[in-house]
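[1] Return atomic coordinates for the entry below.
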Amino acid sequence: MGNGLNTALSESLPTHSSGSAWAPLREPLFRSLWFAAVVSYTGTWMQNVGAGWLMTQLTTSPLKISLVTAAATLPVFLVILPAGALADIVDRRRFLLITQGWMVVASGLLGILTLTSCVGPWTLLLFTFLLGLGAVMNDPAWQAITPEVVCSENHAAAVALNSVGFNVARAVGPALGGIVIAATSSGFAFLLNAASFFGVILFLYRWRRPHYARIETGDVRKAMMAGLRYVRGAPAVKSVLVRTGAFSLAASSLLSLMPIIARPFGPSGYGMLLGFFGLGALAGAAALPMLREMLSVDGVVGISIVVFASTTFAAGQVHSFGWLTLVLFASGMAWIGILACLNVAAQMMSPSFLRARSLSIYLLVLQGGMALGSTVWGALATRTGVPSALLWSAVILAAGLLTVRRHRLAAPNLSLSASVVRD
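    A predicted model of the protein is given here:
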């Protein structure tokens with residue numbers, strides 16, 4: 001990070017772009033944050049593997065195992081809207097320091113409790129919820145600072161590089177997590193996640209954020225209401241939210257039930273399967289610009305949903321590790337194709353002074369659907385079995401395509417650079 005963090009605004013945010021996809025990495029602020037973020041994302045994926053696998057060691061209940069995903073995303077119902085409003089009316093740097101510190105403490109304590117054999121299913125769910133609480137408070141401000149650390153000409157390339165970093169971590173983190181857990185225990189994976197936040201914390205501590213215009217009122221409630229009024233009056237926003245809800249509710253089954261599917265292959269096999277999902281997402285992100293040249297945005301989303309529904313069904317029928325890696329790779333490609341379109345549309349759907357609040361409403365629908373869906377699919381798997389739950393999930397995913405006719409995402413200037421989302 002070094003000297004670039006204290007560079008004057010005129011030097012750290014140059015006014016001209018080289019036109020290269022890698023141009024944002026030549027800017028000291030963005031480069032420092034990008035490398036720190038990749039380390040943090042990797043730790044987060046190690047944490048996800050550790051929590052999912054630990055629950056399979058504590059219980060055989062599909063419902064409790066799927067509740068790990070639900071616990072991580074449940075906080076959206078409590079804090080995502082005030083988090084978006086706060087991110088628009090307080091200093092985002094200080095706010096992010098608080099949320100990052102919260103996640104360090106939660107992950108570190110869970111690691112210590114796990115290593116001392118003081119963790120049961122409900123304790124694990126509690127700390128997963130606390131980590132999710134920190135992540136949800138963090139998300140709107142995190143996504144909203146990208147324009148502040150890169151020049152406007154490089155903003156689109158910076159969003160694409162954020163996607164690359166996130167998906168590289170998605171591919172590497174689960175595999176590393178599986179190796180760590182197989183060699184030691186989930187507790188060490190949790191501690192490594194706690195350590196992974198310190199690069200971002202150091203960046204934020206040393207960053208001298210320039211003054212940006214803020215809304216006039218400091219009233220969080222009024223700021224939330226202003227965001228909700230904007231969403232109610234914008235048809236394009238409603239379309240993004242309807243499509244996001246239809247997808248997230250049904251799509252949550254695969255990842256929430258994956259620890260059960262991967263149980264015969266051990267923690268390293270579980271990590272490898274999620275790693276192939278990440279590799280598929282990375283490949284899908286690279287293929288998106290080419291697909292966008294051939295298809296409309298709704299065409300990309302429609303095909304991706306069909307593929308994801310097919311692989312969701314296949315995951316419940318295939319029992320060979322080799323075939324499962326192919327299924328998860330294809331799932332990852334489809335997953336990023338869908339979320340890239342939805343997330344970029346969400347970022348474009350509001351003016352800058354409302355961006356964090358609009359994104360918080362989008363994340364409420366996305367992660368709220370994941371939380372509700374994970375619980376529903378876990379309960380259904382408990383009653384009818386994992387293959388049956390995945391079958392019904394695939395059917396509902398396909399039925400969600402009926403929303404396309406009335407709620408289109410197509411826009412003349414919608415770019416398909418995959419954006420960063422916490423899922």
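
[2] measure Ile336 to Thr60 for me?
    32 Å (Cβ to Cβ, to the nearest Å). Where C-beta positions appear, they are placed from N, C-alpha and C, glycine not excepted.

[3] Looking at the two, which one has more neighbours?
    Ile336 (30 against 11; other Cβ atoms under 10 Å).

[4] Now do the closest residue to Ala72 other than its chain neighbours against Gly275, distance only.
    Ranked by Cβ to Cβ, 6 or more residues apart in numbering and with sequence neighbours excluded, the top spatial neighbour of Ala72 is Gly132, at 4.0 Å. Gly132 sits 22 Å away from Gly275, going by Cβ to Cβ.

[5] what do you get for Gly302?
    27 Å.

[6] Give me the more crowded residue out of these two.
    Shown here are Gly302 and Gly275; by other Cβ under 10 Å, Gly275 has more neighbours (26 against 16).

[7] Give me the helices and strands touching the helix or strand hosting the more buried one, please.
    Secondary structure assigned from DSSP states H and E places Gly275 in helix 266-294. Packing partners of helix 266-294 (3 or more Cβ pairs under 8 Å, 6 or more residues apart in numbering; DSSP states H and E): helix 28-58, helix 155-183, helix 235-262, helix 297-315, helix 321-348.

[8] For that helix, buried residues please.
    Across helix 266-294, burial judged by 16 or more other Cβ atoms under 10 Å covers 267-286, 288, 291-292.

[9] for stretch 121-134, same thing?
    The neighbour-count check on stretch 121-134 (16+ other Cβ under 10 Å) flags Pro121, Leu124, Leu125, Phe127, Thr128, Phe129, Leu130, Leu131, Gly132, Leu133, Gly134 as buried.

[10] Only the C-alpha atoms, please, for that stretch, written as PDB.
    Taking Å, rounded to 0.1, in the frame of the first residue of the first chain, the C-alpha atoms of stretch 121-134 are listed here in PDB:
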ATOM      1  CA  PRO A 121     -25.000 -26.100  15.900                       C
ATOM      2  CA  TRP A 122     -26.700 -23.100  17.400                       C
ATOM      3  CA  THR A 123     -23.400 -21.400  18.500                       C
ATOM      4  CA  LEU A 124     -22.200 -21.800  14.900                       C
ATOM      5  CA  LEU A 125     -25.400 -20.300  13.500                       C
ATOM      6  CA  LEU A 126     -25.100 -17.400  16.000                       C
ATOM      7  CA  PHE A 127     -21.600 -16.400  14.900                       C
ATOM      8  CA  THR A 128     -22.500 -17.000  11.300                       C
ATOM      9  CA  PHE A 129     -25.300 -14.500  11.800                       C
ATOM     10  CA  LEU A 130     -23.000 -12.000  13.500                       C
ATOM     11  CA  LEU A 131     -20.600 -12.300  10.500                       C
ATOM     12  CA  GLY A 132     -23.500 -11.800   8.100                       C
ATOM     13  CA  LEU A 133     -24.600  -8.800  10.100                       C
ATOM     14  CA  GLY A 134     -21.200  -7.200   9.600                       C
END
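
[11] Now do that stretch: everything it contacts.
    The contact list for stretch 121-134 (Cβ atoms under 8 Å, 6 or more residues apart in numbering) reads 47, 51, 54-55, 58-59, 64, 67-68, 71-75, 78-79, 99-100, 102-103, 106-107, 109-110, 113.

[12] Which of the helices or strands spans Phe188?
    helix 186-196.

[13] And the following helix or strand past that helix, how far out from the chain middle?
    Sequence-wise, the next helix or strand downstream of helix 186-196 (DSSP H and E) is helix 198-206. Helix 198-206 sits 21 Å away from the centroid of its parent chain (Cα atoms, centre = their mean, to the nearest Å).

[14] Gly368 is in contact with Ala70, isn't it?
    No. Taking contacts as Cβ atoms under 8 Å, Gly368 lies outside contact range of Ala70: 10.4 Å.

[15] The two: which is more packed in?
    Ala70 (25 against 20).

[16] Pull the contacting residues for the more buried one.
    Shown in contact with Ala70 (Cβ under 8 Å, 6+ apart): Ser256, Met370, Ala371, Leu372, Ser374, Thr375, Gly378.

[17] what's the nearest residue to it if we skip its chain neighbours?
    That would be Ser374: by Cβ to Cβ, 6+ apart, it lies 4.2 Å from Ala70.

[18] Done for today, thanks.
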